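here's my sequence, what's the structure:
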Amino acid sequence: MNSACVSLTVQHLTRCGAIQRIGELRSTGGRKREVLKLNSETAYFVVVDLEGTRIRIGLANFLGDVRYRWEEDVNYRNRLEIRDLQHGINAVLGNLDPAERSRTLAVGVSYTGLPHASGGITAVNLGWKDFPLGKHLEQFVDLPIFYGNDGVCKILAERSLGVAQNCDNCVYVMAGVGLGIGLYVGGRLVTGAREMAGEFGHMTVDPSAADKCNCGKTGCLEAIASSPNIVRQYFELTGRAGQHPKSYPVTEVFARARAKDGAAMAVIERVGRYLGLGLANVVNLLNPELIVLGGDYVEGQDLLIPCIRQTLQKHCLPDLLEGVELKASALGHEGGLKGAASLAFSHALQDEELLRRMTSPLQLQPQGSGNEEAAALTGGGSAKTRKERKGKPHGRTSHTRRPKGRQE
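Next comes the predicted model:
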């Protein structure tokens, strides 16, 4: 965009309240430069994180900050019922005042699993096989809904809010009950022909390994480097092979490795070596600038990063490895919710109606209009009610009792 177009656009976004002037920079000559920021109250998104052992639902503002949160544990591999999601979404929406509800534009959903051409999702962790999630959600949510697997959502969050900002070639790898990855190459998100790219956990890293994966094969990276399998290996080395990994947090294995427990150290060394081997293949193939460790790997970053670096140096071409950074995510357990928010935000920018609602002067009136709500939207007061034009409804809204579960 040329400077005149940028100026006109900034003026429009300022008038409608989507951005705010917060000051000026000192200038040694010429026109003073203004400091601008996005208005966090411009829009809200309902965000859903379906990670496999816990579901999290919240409300994120225009900057990705999570305002309200509802969460509840789920039983691994037991079928997650749609009523649980309905309860959580209604709990979050029930906390909103009318102004917040009217500015809630869309729903972002981060899920583990694989999408199908039929529109269904297969997620072993959630007990779903070709489950028509979208069809069910649209029955009680009157907002546009956008879906993405957890690897895609979390790398979007890292690029917009985390350690990968301004990085056009980056990789996000995470551990939980499974193993996932998100990929950005040349400033573009890698999703594949059917949006199934990124099954990093099912890369074969040792064909001779006896470790059996959930997919039924042996030698998969997930069978070695996912959180339950880290615990499983520790149990096997300490004579507790019959004990279920769910009974022991992976953070305890990390803690024991720091305390020089021989079995824990051996497991972490093996995990770091195979994880490094998988990432070496990614580096040689895609030439990233940055690798971000997320999920449970953040808790063991001090132990894993040295092992991974050593393996990368052994298996990567030196020119490809030069300058590659290895960092841990700083988004914590909100990474899934922030990822769902980043997904919804990026889709909203490409949706003509949602973009109109975000930037319409009828939605966000300037200060001094005499409208209490307009003042609140531009930082001048507290809004209670508001009228606006609605987009096309997606499904219908139903009201249910408030669910049990922890709310914040």
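
who's in contact with Cys213?
Contact analysis of Cys213 by CB atoms under 8 Å, 6 or more residues apart in numbering lists 201-202, 219-220, 222-223. For every residue, glycine as well, the C-beta is placed using N, CA and C.

adding distance to Phe45 and secondary structure, write these out as a markdown table.
Shown next, in a markdown table, are the contacts of Cys213 (distance: CB to CB, whole Å; DSSP: H, G, I helix; E, B strand; the rest coil):
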| residue | distance to Phe45 | secondary structure |
| --- | --- | --- |
| Gly201 | 28 | helix |
| His202 | 31 | helix |
| Gly219 | 40 | coil |
| Cys220 | 34 | strand |
| Glu222 | 30 | helix |
| Ala223 | 35 | helix |
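
and Ile57, what is it in contact with?
Counting by CB under 8 Å, 6+ apart, Ile57 touches 46-49, 69-71, 85, 88-89, 91-92.

between those, which has the most around it?
Val47 (31 neighbours; other CB atoms under 10 Å).

isn't there a strand covering that one?
Yes: residue state for Val47 (DSSP: H, G, I helix; E, B strand; the rest coil) corresponds to a strand.

how far out from the middle of the chain is the strand or helix carrying Glu71?
Using DSSP states H and E, the element containing Glu71 is strand 66-73. When C-alpha coordinates are averaged (CA atoms, centre = their mean, to the nearest Å), strand 66-73 and its chain have centres 14 Å apart.

remind me what the helix or strand following it packs against, helices and strands.
Once the chain leaves strand 66-73, the next helix or strand it forms, by DSSP H and E, is helix 82-94. In terms of contacts (3 or more CB pairs under 8 Å, 6 or more residues apart in numbering; DSSP states H and E), helix 82-94 is packed against strand 44-50, strand 54-61, strand 66-73, helix 133-137.

for the contacts of Cys213, give me a markdown table that also has neighbour count, distance to Asp296 and pLDDT.
Below are the contacts of Cys213 laid out as a markdown table (neighbours: other CB atoms under 10 Å; distance: CB to CB, whole Å; pLDDT from 0 to 100):
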| residue | neighbour count | distance to Asp296 | pLDDT |
| --- | --- | --- | --- |
| Gly201 | 24 | 13 | 94 |
| His202 | 16 | 18 | 94 |
| Gly219 | 19 | 21 | 93 |
| Cys220 | 28 | 17 | 96 |
| Glu222 | 25 | 13 | 96 |
| Ala223 | 27 | 16 | 96 |
